[in-house]
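Asker: can you look at this prediction? I've put the sequence above it.
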Amino acid sequence: MKQYTSFLMTLFFLLNSLIFAQGQTDANPFTGDALQDESGSSIKRIDVDSIKAMEQFSWGVRAFHEGLYNKALLDFENAVRLKPQEPLYRLWLGNANFATGLGDLAIRQWQSVVTDDKIGGGWLRSRIDTLLFRTSPYMDNTDQDIWTVRHEIIGRNERTVRFKGPTDISNDPLGTLSYVAGYLSNNIAVFDVNGHLRTRFTGGIMQLDGPWGVLAMNDGNLFVTEFRGRRVTLLNPNGRRLLTFGSGVEDGNLQGPQYMAATEDGYLYVSDWIGGKVVKYDFNGKYIMTLGTPSATFEGLKQPSGIAVTPMEVFVVDTKDRLIHIFDHSGNYLRSIGRGQLQQPENIAMMANHRLLIADGRRVLQYNLDNGSFIETTTLNGNAQRIVSLDIDRNGTIVVADQAQDNVTYLIPRSELYGGFFLNIHQVVSQSFPEIQVIASVQSRSGRPVLGLSDANFLAQENGVAHAPLTVQTLDRRKDGSLTSVILVESSKHMQAHKSLVDTAIHSLVHNFDRDDHFDIVWASEQPIHNRLNNNQEIALQLESIFPNLLQKNWRFDRGLRLAGSHLINKNARLAVFFITSGKDPSNINQFSALDLASYLQNNNIAFYPIYLDQTGHNRIYESIAQETGGQSFYLMRPRGVAEIIDIARSRASGLYAINYTSTTPSNHGKDYVQLSLMAAIQSQSGLTQSGYFPPITVMR
């Protein structure tokens, strides 16, 4: 740990030297032309514009950290108008433009100061490059990117055995932990994102017997297959055995279980390598059915190993015939892939881009489910010997286990490694100065939230001085994180025929909120209306007053969405806008483009969820905003209803962190600007950003 922290400190100071080497801004109000008094002594002229500009700037910084971005924007514009040559003011004008979703204007301001030694430098250049990359055509072709090693975990050394003979790897849904099944060491080794061993599970009194497969579930529990024990075990997050099944003589018995896959509707598939079948259970271990037995259209599985599932299909690797067989969830054989393409397939995993990731001996392949093509992802620089398993964690990292080399390797796209993390400081809370809290998000270059970071992954500086210790809290929770949302309702004439459905949608959403959740309602009329309604009676009264009186032909989706977003700024929870809509195109989006609206939500960690009242509802504008912000669309009357929407919104990753420390910078009664720099790093991957704040104003005595 000390070596890792020392490495971070060294990296931090190297990256930060360009920012702080030249000191603070030169915005000095006493830098005008020199005058002379009667004795000939020089008197400096007071630069009134500088005083006014600094005052506007300080108001803007305080407004920004209160989430009042429009006010901050005006204050920074006034400061730049008064002192256009001051780079610090332009930097913050760019920050305010970015926060309000005006990315092009933000980049323009940042580009004007990126070469300034006191303000710009490598961190700002990297920030600009990342934003340009996200809107470039290359962003759509990242599937062709080369994956490179970020770090690896060695299973054993002279002093200790972490794991031996790794056969499977699974990652915690929060992105915080990796679980490695050590077949020869009879344990499950648990590592954090930094590669540090946290603990080892051995099964308690009834020891694990040849653990082969491991599968981390959303509730923190682990399913483990025991190859020699011929059973499946459920462990709680502390490694205590909760359940064992599959070892009897009844239906569903296992002879040599290996890999597993789980479905969203509560079923577990287990491959039986010796038994030549795949067995389907529910999460309580109840036997459901067997897949892969011989039939008129299929000769039967021979040595099934890896499994992956989609909502419609089950993919099973057969190591003997070197094929991947595909079934539906009723067990019907559909087709096979990989003939003549695979060398030594073992395990598979489903990627988010409709691709199948394949552990194939000395290499990892991707199979495109749309066009049937294979792409070689990595050979670990030619060093792989027998890759038996792989997984994709919540950070988009591919984790592979090489059984022959007793190691686990973490892979990221080369562009992500050299592009670094994208850090964004949303708020600095300084009211309790010298106690400081920084709310920041960490993303990959492509915009994916980075999860699982802790105190050891962050470093902070004020005016070039490092501050420690830091206390870091992730604002992503496993299940119980509060949800703060706005229910946005289309207020067009099209909605007049859908009054009962609107009523159903609003009440269903409210009914599925938890006690700790918070919500508001915004009606997207020409002049949007905001309400905070506390009970069903108030909602019913509001609905009666809106329908049909305030339904308008010239309703404004853009204004409504901006108003909805403004009520979610700096809430520091999972944030969502649920948009109840007919799916018809908005009559006009004049003030803000769809891209600006998506950027406004995305830059403030707000997800957008269109809820269509019509089953055929589909709108390209709403769909694009949902995709850009990490949300998705739903039909109101889908089988699970809005409960599914709430669950998905509640489990969405934000990559938000609260970083707390005690400042040693003098407050000077709140008159001086404090320059703040923040760095986040995992192994060789890092990112840096800059912000600042004014301490609270105090009265001089």
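Answerer: That came through, no problem. Residues are numbered from 1 along each chain as shown.

Asker: tally of neighbours for residue 48?
Answerer: A count of neighbours around residue 48, defined by other Cβ atoms under 10 Å, yields 11. From N, CA and C alone the C-beta is placed, and that goes for glycine too.

Asker: from residue 326, how far out is residue 343?
Answerer: Relative to residue 326, residue 343 is positioned 20 Å away (Cβ to Cβ, to the nearest Å).

Asker: those two: which is more packed in?
Answerer: residue 326 (20 against 11).

Asker: doesn't that one fall inside a strand?
Answerer: Yes: assigned with DSSP: H, G, I helix; E, B strand; the rest coil, residue 326 falls within a strand.

Asker: ok, which stretches of the stretch 551-700 of the chain are strands?
Answerer: For the stretch 551-700 of the chain, strands defined by DSSP state E, counting those that start in this stretch occupy the ranges 574-581, 606-612, 634-635, 656-662, 674-682, 685-693.

Asker: any chance of a markdown table for those strands, columns mean neighbour count?
Answerer: Converted to a markdown table, these look like this (neighbours: other Cβ atoms under 10 Å):
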| stretch | mean neighbour count |
| --- | --- |
| strand 574-581 | 26 |
| strand 606-612 | 25 |
| strand 634-635 | 18 |
| strand 656-662 | 19 |
| strand 674-682 | 24 |
| strand 685-693 | 23 |
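
Asker: can you pull out the helices in the stretch 101-250 of the chain?
Answerer: Counting by DSSP state H, counting those that start in this stretch, the stretch 101-250 of the chain has helices at residues 103-111, 122-134.

Asker: for residue 518, find the nearest of these.
Answerer: With Cβ to Cβ, the closest approach to residue 518 among the helices of the stretch 101-250 of the chain belongs to helix 103-111: 28.4 Å.

Asker: for the closest one, name the packing helices and strands.
Answerer: Applying 3 or more Cβ pairs under 8 Å, 6 or more residues apart in numbering; DSSP states H and E, one finds that helix 103-111 contacts helix 87-99, helix 122-134.

Asker: deepest of those, which one?
Answerer: helix 87-99 (a mean of 25; mean count of other Cβ atoms under 10 Å).

Asker: let me see the mean pLDDT of it.
Answerer: Averaged across helix 87-99, pLDDT comes to 97.

Asker: does it pack against any helices or strands, and if so which?
Answerer: Partner elements for helix 87-99 (3+ Cβ pairs under 8 Å, 6+ apart): helix 48-65, helix 69-82, helix 103-111.

Asker: and the angle from the shortest one to helix 69-82?
Answerer: Translated: helix 103-111. Calculated by axes from the mean of the first three to the mean of the last three Cα atoms, to 10 degrees, helix 103-111 forms an angle of 40 degrees with helix 69-82.

Asker: how far away is the residue nearest to residue 129 when sequence neighbours are not counted from residue 458?
Answerer: Leaving aside its chain neighbours, residue 129 sits nearest to residue 419 (7.1 Å; criterion: Cβ to Cβ, 6 or more residues apart in numbering). Per Cβ to Cβ, residue 419 is found 19 Å from residue 458.

Asker: try residue 66
Answerer: Distance, residue 66 to residue 458, by Cβ to Cβ: 23 Å.

Asker: what do you get for residue 627?
Answerer: Taking Cβ to Cβ as the measure, residue 627 and residue 458 are separated by 30 Å.

Asker: so between the two, which is more surrounded?
Answerer: Comparing residue 627 with residue 458 by other Cβ under 10 Å, the one with more neighbours is residue 458, at 24 against 13.

Asker: that one contacts residue 678, correct?
Answerer: Yes: under the criterion of Cβ atoms under 8 Å, residue 458 is in contact with residue 678, at a separation of 6.8 Å.

Asker: got any residues that touch both of these two?
Answerer: The contact sets of residue 458 and residue 678 overlap at residue 659 (Cβ atoms under 8 Å, 6 or more residues apart in numbering).
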